[in-house]
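Undergrad: here's a sequence, model it:
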Amino acid sequence: MDGNMLSGVGGGLYQDLKEAGTIAGGKILDVKNLERNYKKLITEAEELWTLKDDIEKASRVKIKPPTREWITMVDRLKNRVNGLETEYNEGKRKQWRLDCFWSNANFSEELEKQRQQVLITRIGIWGPVGTGKTTIMKHLNDNEKIASMFEIVIWVSVSKEWSIEKLQEAIMQQLELDAERLNEKECLILLDEVCQTIKLDKVMGIGSNQNHIKVVLASRHRGICINMETVVQIGETIVPPDAWNMFRKKVGDVMSSSLIEPTARLVVQECHGLPLLIDRVAKTFKKKQRDFTLWNDGLESLQRWESERVEGIEEVLERLQVCYEDLKDEEKDCFLHCVLYPEESMIYVDYLIECWRAEGSILHAEEFRKARVRGHTILHELMGVSFLERTAKTKYVTMNKLFRKLAIDILSQKDNKYLAKPCEGLQEFPHPEECNQASKISLMNNRLSTLPETLDCGNLSALFLQRNKDLSVIPRLFFQSMCRLRVLDLQGTGIAFLPSSISMLVFLRGLYLNSCIHLTKVPSEIKALQQLESMDWNNFQSLSNSNTIEASGSITLWETVAKEAIEEIAELNKLTSLRLYFPGVDHLRLFVPKSPVWNSRFAFQFSVGYEDLTHSQIFESLHSPRYNSLKMVNGAGTHLLISDVLEKTQAFGLENHRGVSSLSDFGIKKMNRMLVCLLEGCNEVETIISVGGTMTGVLENLKILYVNNMLRLASICDGFVPIGSLGQLTTLTLVRCPELKKIFSDGMIKQLPQLQHLRVEKCHQIEEIIMESENDGLEANALPRLMTLALLDLQTLKSIWIDNSLNWPSLQKIEISTCSMLKKLPFNMVNATRLRSIKGQNSWWEALEWTDDGAIKQRLEPLCILN
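TA: Numbers count the residues shown, from 1 in each chain. As a prediction, the model looks like this:
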């Protein structure tokens, strides 16, 4: 039998089986189809083995080279399939174990196996602090595969003061439906930090015999897991082989050194199987690279803590202190600063770095911008060793309670004292003796109503009193002895004025007065704050809604207050950062041309124009706090001053603006620094870019363009797009543009080599995403970096592209909803090779038309997430 015959008879089957093996080995199959795909793999494998045997028998004496090569490849594939078969069968028998969650590869498959065993409805995770229980819960809550298994996933952290009513309320807030509907849904409930037995039948009527509701609970106590009738309990630490594998994986290539491995195994032993400790220690040792001396020194540091076994939190803290000692001095100071915030609260990154800078924790960075860059580097380092963690909101970080306890313990050993009592319900100011030696005081989020007349705090560098809403008066001499104060935060207090003693704060660098709705003016003494670099008084918006202003019967008083305050602020000559609200363009004019710092390296976040309390937060969510930003709301026309500000602006938001037909009306040639642009509710705008005969590129650095609720918008560009325009655009979002018919007009698609995310929603005249008439001669590699495509509620959409000729080389996710006229997808058997998911309605999927015998549908169906 020759090679050509092999190609016809066995080649196709061999190739199919090879692809199936690759997919199974890569664990990218939809978990719901795991068993089905396994059976298909084994069936096709057996067919291939039989074919191989038949060929060998038919060839008998002499086997030609092509045939021998094919047989060799089949033998290799057989070994791989046998390995997969063993993995699958072992996985079916394997109970849940803590290490599979930490591997972050198989935990969703494990949950699926448990889910399919109808008798298992409750699983308990128990162990001391540091065993990674909360991390498991986060993985389960955030994982897409878990979301595909259940109609509802609820995660509730159970407080120490829990009650049936509080737990019910927490669950219902996430559900947004009533308990009766809960009992109709396939649901996963995650209960974290359970410290007492909870009778779930009394909380939500969840009985242990309700197979459609699965419960995973985490507790420090095994007895609670048993009392709550969990069928499977995952306990304590991971076994040594799994601890070693976890450590080796996190350290990476460094482990390839034969000199390092013996020391590394001893390091893992010192972690006593605690996943949290393994994680932190591995990240610390990874930085030692292949330096044998550093590894030995690190091991000796771990071994200095004489203990035979880990008893609990104190043991973890002692060992984590070794990781702390590995930090640089800057990083240590910045880490300890975070103890000033409430436990596991979200800390705004930009604010945090400003405080580090103002307090002097960031060294060798005199310029504010350099300090900000250095601050982000420190933040990255602290997150790299998990001393801080990024939250779901990317502009915020949080400190794990374990590490906050570590910081408190470290500070207790230092002469440099912190008084940190945030969010403790305090109604009275601490005793003066507690404050006198403190270098930093945090009493934020309490219920203070009064302050002492004076404080003897000559060493105080930071004072946080924000969000004490009942605090209405600051005594006249309160700041008199705080001559070294560098950061003062009074945000969200009820103060109506600042005392004259604020002039004593001659070293103050950061002043935060946002949301002080009764503060109607700043005193003239503020001129004494010549070291002030960062000021946040984005507050006039709140003044316009306060009773004081409304009582005047107009906004004249509000505008007068703003005018006086802006004039005072404009005289500060060391400002490097300012967040401020301007009632109108005339108020902006009081600062921009007059401030001595405007033409220096100055960071700003300006908002111009009145917006009510229900305004959208889309703009704030789009851009980095490091960007110079300008938002204009409810304004009209164009102004030369705005064009001048736009020349320095990186993020621009234009909302409900009148009197312009195009973004170009503001002078688009001055916008080449712009990285983010939002246009919303500007109902006279007909096009975004009006070319007007220009041949030079525009918006050359724009990365994000978000367009929402633009009733007359007909096009993104009204003519041929000059070369270089929009060349860096990565994200394009178009929502509620009822007159928009063309997205990529006049060959514009060729100018978008960096576009990664495209979302089109409720644009009811869109019939084609890429119009053939506007994109003649489109190359197969168009949109080479497009990763996600979301098409939502497009009632007239008929086509993404006319055929399947485009390669879609980077496309990974598609979401299509309420596009009933879209009958074809632009895919074939060889394009869109990185596609991983197709989300949509089942009825839409079944109504699709296919040009072949269904092979393409069969290829794509395992990727579908349908509802």
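Undergrad: and the residue lying closest to Thr818 once chain neighbours are set aside, what does it touch?
TA: For Thr818, ignoring the flanking residues on the chain, the nearest one in space by CB to CB, 6 or more residues apart in numbering is Asp793 at 4.4 Å. Bear in mind the C-beta positions are built from the backbone N, C-alpha and C, glycine included. For Asp793, the contacting residues are Glu761, Lys762, Ser817, Thr818, Cys819, taking CB atoms under 8 Å, 6 or more residues apart in numbering as the criterion.
Undergrad: again, but for Leu734
TA: Leu734 sits in contact with Val707, Leu740, Ile743, Arg759, Val760, Glu761, Cys763, where contact means CB under 8 Å, 6+ apart.
Undergrad: go on, Met710?
TA: By CB under 8 Å, 6+ apart, Met710 lies in contact with Leu679, Glu680, Gly681, Cys682, Asn683, Val685, Arg736, Cys737, Leu740.
Undergrad: secondary structure, pLDDT and neighbour count added to those, as CSV?
TA: Rendered in CSV, the data for the contacts of Met710 read as follows (DSSP: H, G, I helix; E, B strand; the rest coil; pLDDT from 0 to 100; neighbours: other CB atoms under 10 Å):
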residue, secondary structure, pLDDT, neighbour count
Leu679, strand, 95, 21
Glu680, strand, 94, 21
Gly681, coil, 94, 17
Cys682, coil, 95, 27
Asn683, coil, 93, 13
Val685, coil, 95, 23
Arg736, coil, 96, 18
Cys737, coil, 96, 27
Leu740, coil, 94, 20
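Undergrad: closest one of the residues you listed to Lys133?
TA: Within the set of the contacts of Met710, Glu680 lies nearest Lys133; the separation is 42.4 Å, counting by CB to CB.
Undergrad: what pairs with the closest one across the strands?
TA: Judged by DSSP bridges, the bridge partners of Glu680 are Glu655, Asn708.
Undergrad: end-to-end on stretch 316-333?
TA: Stretch 316-333 has its terminal residues 21 Å apart, counting by CA to CA, to the nearest Å.
Undergrad: what sits up against it?
TA: Among residues not part of stretch 316-333, those counted as contacts by CB under 8 Å, 6+ apart are 128-130, 270-271, 274, 276-277, 280-281, 283-284, 287, 298, 301-302, 305, 310, 335, 356, 359, 361-363, 374, 378, 381-382, 385, 387, 402-403, 405-406, 409-410.
Undergrad: which entries within those meet the buried criterion?
TA: Neighbour counting with 16 or more other CB atoms under 10 Å marks 128-130, 270-271, 274, 276-277, 280-281, 283-284, 298, 301-302, 310, 335, 356, 359, 361-362, 374, 378, 381-382, 385, 387, 402-403, 405-406, 410 as buried within the contacts of stretch 316-333.
Undergrad: determine how far the last residue of stretch 859-867 lies from the first.
TA: Its start and end residues considered, stretch 859-867 measures 19 Å (CA to CA).
Undergrad: pull out the buried positions in that stretch.
TA: Arg859, Leu860, Leu863, Cys864, Ile865.
Undergrad: which of those residues sits closest to Leu755?
TA: Comparing those against Leu755 with CB to CB picks out Leu863 as the nearest, at 21.9 Å.
Undergrad: isn't that closest one right up against Ala832?
TA: No - with the criterion set as CB atoms under 8 Å, Leu863 and Ala832 do not qualify as a contacting pair; they are 9.8 Å apart.
Undergrad: circling back: now, which of the buried residues of stretch 859-867 lie within strands?
TA: The subset of these located in strands under the criterion DSSP state E comprises Cys864, Ile865.
Undergrad: a markdown table for the buried residues of stretch 859-867, including pLDDT?
TA: Written out in a markdown table, the entries for the buried residues of stretch 859-867 read as follows (pLDDT from 0 to 100):
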| residue | pLDDT |
| --- | --- |
| Arg859 | 90 |
| Leu860 | 91 |
| Leu863 | 90 |
| Cys864 | 91 |
| Ile865 | 90 |
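Undergrad: ok, now which ones touch Leu713?
TA: Residues touching Leu713, when contacts are defined by CB under 8 Å, 6+ apart, comprise Val685, Glu686, Thr687, Ile688, Val707, Cys737, Glu739, Leu740.
Undergrad: and it, which of the three is it?
TA: Classification of Leu713 into helix, strand or coil gives coil, according to DSSP: H, G, I helix; E, B strand; the rest coil.
Undergrad: what number of residues lie near Asn446?
TA: Around Asn446 there are 23 other residues, counting by other CB atoms under 10 Å.
Undergrad: can you check Leu259 too?
TA: 11.
Undergrad: quick check on it: phi, psi?
TA: With angles defined as degrees, to the nearest 10, Leu259 sits at phi -70, psi -30.
Undergrad: do you know the pLDDT at it?
TA: Per-residue pLDDT puts Leu259 at 83.
Undergrad: from Leu336, how far out is the residue lying closest to it once chain neighbours are set aside?
TA: Residue nearest to Leu259 in three dimensions, not counting chain neighbours: Phe292, with 5.1 Å by CB to CB, 6+ apart. Remark: distance between Phe292 and Leu336 (CB to CB, to the nearest Å) = 32 Å.
Undergrad: which one's more surrounded, these two?
TA: Set Phe292 next to Leu336 and count neighbours by other CB under 10 Å: Leu336 wins out with 21 against 12.
Undergrad: what about that one, which helix or strand?
TA: Applying DSSP states H and E as the criterion places Leu336 in helix 329-337.
Undergrad: and for Glu366, the neighbour number?
TA: Applying the criterion other CB under 10 Å, we find 6 residues in the vicinity of Glu366.
Undergrad: circling back: and which of the contacts of Asp793 is nearest to Leu188?
TA: Within the set of these, Ser817 lies nearest Leu188; the separation is 23.6 Å, counting by CB to CB.
Undergrad: thinking the closest one is in contact with Gln795, fair?
TA: No - the criterion here is CB under 8 Å, and Ser817 misses it with Gln795 at 11.4 Å.
Undergrad: so who does the closest residue to Glu428 other than its chain neighbours touch?
TA: Closest residue to Glu428 in three dimensions, ignoring its sequence neighbours and counting by CB to CB, 6+ apart: Leu448, at 7.3 Å. With contacts taken as CB under 8 Å, 6+ apart, Leu448 has the following neighbours: Leu426, Gln427, Glu428, Phe429, Leu465, Asn468, Asp470, Leu471.
Undergrad: can I get those in a markdown table with secondary structure, distance to Gly637 and pLDDT?
TA: Converted to a markdown table, the contacts of Leu448 look like this (DSSP: H, G, I helix; E, B strand; the rest coil; distance: CB to CB, whole Å; pLDDT from 0 to 100):
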| residue | secondary structure | distance to Gly637 | pLDDT |
| --- | --- | --- | --- |
| Leu426 | coil | 51 | 93 |
| Gln427 | coil | 51 | 94 |
| Glu428 | coil | 54 | 94 |
| Phe429 | coil | 51 | 94 |
| Leu465 | coil | 42 | 97 |
| Asn468 | coil | 42 | 96 |
| Asp470 | coil | 44 | 94 |
| Leu471 | coil | 42 | 95 |
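Undergrad: what's the helix or strand for Val156?
TA: Assigning secondary structure by DSSP H and E places Val156 in strand 152-157.
Undergrad: tell me the buried residues in that strand?
TA: Residues of strand 152-157 classed as buried under the neighbour-count rule (16+ other CB under 10 Å) are Ile152, Val153, Ile154, Trp155, Val156.
Undergrad: what's that strand packed up against?
TA: helix 133-142, helix 164-175, strand 187-192 (3 or more CB pairs under 8 Å, 6 or more residues apart in numbering; DSSP states H and E).
Undergrad: rerun at 10 Å
TA: The criterion is 3 or more CB pairs under 10 Å, 6 or more residues apart in numbering; DSSP states H and E, and the helices and strands that strand 152-157 contacts are helix 133-142, helix 164-175, helix 179-182, strand 187-192, strand 213-219.
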